[in-house]
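Participant: Okay, structure incoming, though there's no sequence with it:
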């Protein structure tokens, strides 16, 4: 069936290596991968494909059997490799009667009775759902024609791993990241004309995007909606990694962003996004508008009118109803004297402004009620002092 020597080490065979591998997995990285596990005679004893889940774990931290821990290090994203593990780096001379692949546990290292699962923070995530990858016998060396009985804690009568067995794992690395990773930004193209202004926190931006997993599985695209996506940077309207990647861009610029899960949807994932998934974005900035200071709905480009209430009171009856207020604000915007907060329906913004000024909520603004926000802020500072 097999033969090994106590001096044997883990044997690695690369089955498929994607071009352009610039980073290899190391100890402390969190990896998502699919695998088939078999004995040397081809008997299949475990597979992530049967559960339609990637297996997700830290590597080099002792959460999985030592041979697998070693065999996953140095892998590239998207790589397929065969890992052959001698028994002293797997389940030893006693083997195991069941493989602990309960949802959220480490299936390649049996737990002692009553032993809990390793605890992970936000950057981790076990047993999260990912679209199934079909078994490929030519690549993975597994037979899909024979029925397989899977060993698990829930099925202790399943096929066991014999004592002193050499194990073969055919692995497909989906992605990996490190909790210390930041957003990777690569400029794909920039407009030929000079770019004097780039996006910054508070700006209102419109952009097109494609979002996919690192294996090429497309998740979302703005082109499905026929219009660019809109967001105010720094306003928690998009995931943190995308918000970061959109800053410092010129209108017309295209970027590629690689966003680790702790700056995306975390270990829980989101609708259509697997837990702990690294995301790939291609973004193109369509337009940008300067934002307003926090808490402001409208700002003047120059000093406001000296007699603001008199100018706003169009019929000079000593009060300003919503219609007069709206007409006045729209005139300031059209004449370039001020601007409204971008990214929101102007009518709603003007309505919110009116409600803020109508302090007794009687449907009109009087001279005693009308105050500029800058004056309100100054009064509040004095009150606090």
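Facilitator: Now that the structure is in, tell me what you want to look at. These numbers come from a predicted model, not from an experiment.
Participant: For the stretch 251-385 of the chain, which segments count as helices?
Facilitator: Secondary structure of the stretch 251-385 of the chain (DSSP state H, counting those that start in this stretch): helices at 308-312, 322-334, 346-357, 373-384.
Participant: and the angle from the third one to helix 322-334?
Facilitator: With axes from the mean of the first three to the mean of the last three CA atoms, to 10 degrees applied, the angle from helix 346-357 to helix 322-334 works out at 120 degrees.
Participant: need the next SSE after the lowest-mean-pLDDT helix or strand in the chain, C-terminal direction.
Facilitator: Least confident element among the helices and strands of the chain, by mean pLDDT, DSSP states H and E: helix 137-140 (a mean of 26). Per DSSP states H and E, the first helix or strand lying C-terminal to helix 137-140 is strand 167-177.
Participant: Name every strand pairing with that following strand and say which way it goes.
Facilitator: According to DSSP bridges, strand 167-177 forms sheet pairs with strand 30-39 (antiparallel), strand 80-85 (antiparallel).
Participant: Would you mind saying which of these lies nearest residue 249?
Facilitator: Among those, strand 30-39 comes nearest to residue 249, with 29.0 Å by CB to CB. No exception for glycine: its C-beta is placed from N, CA and C like everyone else's.
Participant: Where does pLDDT dip in the protein?
Facilitator: Along the chain, the model assigns pLDDT under 70 to residues 98-159, 374-385.
Participant: Roughly how far does residue 303 sit from residue 172?
Facilitator: 65 Å (CB to CB, to the nearest Å).
Participant: and the residue positioned nearest the centre of the chain, what does it touch?
Facilitator: Centroid-nearest residue in the chain, with CA atoms, centre = their mean: residue 264, separated by 2.1 Å. By CB atoms under 8 Å, 6 or more residues apart in numbering, residue 264 lies in contact with 239-242, 273, 277-279.
Participant: one more time with 10 Å, if that's ok
Facilitator: Taking CB atoms under 10 Å, 6 or more residues apart in numbering, we find residue 264 in contact with 177, 183, 211, 239-242, 270, 273, 276-279, 281.
Participant: Same question for residue 305.
Facilitator: Per CB under 10 Å, 6+ apart, neighbours of residue 305: 311-312, 328, 332, 337.
Participant: hmm, 8 Å instead?
Facilitator: Per CB under 8 Å, 6+ apart, neighbours of residue 305: residue 311.
Participant: so where do the strands sit in the stretch 151-300 of the chain?
Facilitator: Applying DSSP state E, counting those that start in this stretch to the stretch 151-300 of the chain gives strands spanning 167-177, 184-189, 204-213, 218-221, 229-232, 254-259, 279-289, 298-300.
Participant: most tightly surrounded among those strands?
Facilitator: strand 167-177 (a mean of 24; mean count of other CB atoms under 10 Å).
Participant: Now do that strand: distance to the chain's middle.
Facilitator: 21 Å (CA atoms, centre = their mean, to the nearest Å).
Participant: ok and it relative to strand 204-213, angle-wise?
Facilitator: Orientation check (the same axes, to 10 degrees): strand 167-177 against strand 204-213 gives 180 degrees.
Participant: Reformat the helices of the stretch 251-385 of the chain into TSV and put mean neighbour count and distance to residue 91 next to each item.
Facilitator: Shown next, in TSV, are the helices of the stretch 251-385 of the chain (neighbours: other CB atoms under 10 Å; distance: least, CB to CB, whole Å):
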stretch	mean neighbour count	distance to residue 91
helix 308-312	15	81
helix 322-334	15	73
helix 346-357	15	64
helix 373-384	10	67
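Participant: Distance to residue 204 added to those, as CSV?
Facilitator: Shown next, in CSV, are the helices of the stretch 251-385 of the chain (distance: least, CB to CB, whole Å):
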stretch, distance to residue 204
helix 308-312, 26
helix 322-334, 15
helix 346-357, 12
helix 373-384, 19
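Participant: Determine which of those approaches residue 166 most closely.
Facilitator: Nearest of the helices of the stretch 251-385 of the chain (CB to CB): helix 346-357, 68.1 Å.
Participant: Can you give the contact residues for stretch 337-355?
Facilitator: 204, 230-232, 289-292, 296-302, 322, 325-326, 329-330, 332-333, 361, 365.
Participant: measure that stretch end to end?
Facilitator: End-to-end distance of stretch 337-355: 22 Å, with CA to CA, to the nearest Å as the criterion.
Participant: Repeat that for stretch 311-325.
Facilitator: For stretch 311-325, the end-to-end distance is 10 Å (CA to CA).
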